[in-house]
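In: here's my sequence, what's the structure:
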Amino acid sequence: MSGTSAPSRKGLSKIACNRLQKELAEWQVNPPSGFNHKVTDNLQRWVIEVNGVPGTLYSNETFQLQVDFPEHYPMEAPQVIFHAPAPLHPHIYSNGHICLDILYDSWSPAMTVSSICISILSMLSSSTVKQRPTDNDRYVKNCRKSPKETRWWFHDDKV
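Out: Numbering: from 1, shown residues only. Have a look, this model is predicted:
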């Protein structure tokens with residue numbers, strides 16, 4: 001693999017590896033409704049298919065999340081982004097970055113990939129409008145590659 005490809009397994013601590021293997025085993029037995037983990041040989045990067053909930057703005061739509069796990073997961077939050085095209089949502093930027101506090105300031109090691117997915121699906125399902133954040137163009141132009149390097153301002157709990 002080249003330097004620009006997915007992170008390798010050796011980048012994970014033993015604790016992170018054990019935790020991810022346990023989460024993956026649990027996922028295979030009881031996946032969260034509306035999600036499908038695309039199986040690869042890379043434990044450090046998961047690609048997850050998200051199906052919009054029937055009766056919501058995203059009904060019959062499918063999106064892909066990319067979840068990259070840091071060396072010290074679960075003590076540190078994973079990086080979670082949508083692959084293009086990202087859903088039109090007031091908290092999801094066109095580059096796939098998600099403004100959701102549990103991915104940053106409110107992260108807890110008790111959270112799992114399943115709980116992250118459920119939170120994202122809940123965020124999508126509760127939206128009343130399909131639109132980009134008002135600062136989308138400015139953010140995408142000026143942001144760094146990783147959303148974890150953004151200083152997020154969580155001020156809207158209505159969407």
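
In: from here on, just use CA atoms for contacts and neighbour counts.
Out: Noted.

In: could you pull out the helices for this structure?
Out: Using DSSP state H, the helices found in the chain span residues 14-29, 113-125, 136-142.

In: so what touches the lowest-mean-pLDDT helix or strand in the chain?
Out: Least confident helix or strand, the chain: helix 136-142 with a mean of 87, by mean pLDDT, DSSP states H and E. Under the contact criterion CA atoms under 8 Å, 6 or more residues apart in numbering, helix 136-142 has outside partners Tyr93, Ser94, Asn95.

In: which non-adjacent residue is nearest Ser13?
Out: Glu71 (5.4 Å; CA to CA, 6 or more residues apart in numbering).

In: list the contacts for that neighbour?
Out: Gly11, Leu12, Ser13, Ala16.

In: surely the second one touches His72?
Out: It refers to Leu12. Yes. In this structure, Leu12 is within contact of His72 by CA atoms under 8 Å, at 6.8 Å.

In: the two: who's more crowded?
Out: Under the criterion of other CA atoms under 10 Å, the comparison of Leu12 against His72 puts Leu12 first, with 19 against 16.

In: show me the contacts for that one.
Out: Contacts of Leu12 (CA under 8 Å, 6+ apart): Gln44, Phe69, Pro70, Glu71, His72, Tyr73.
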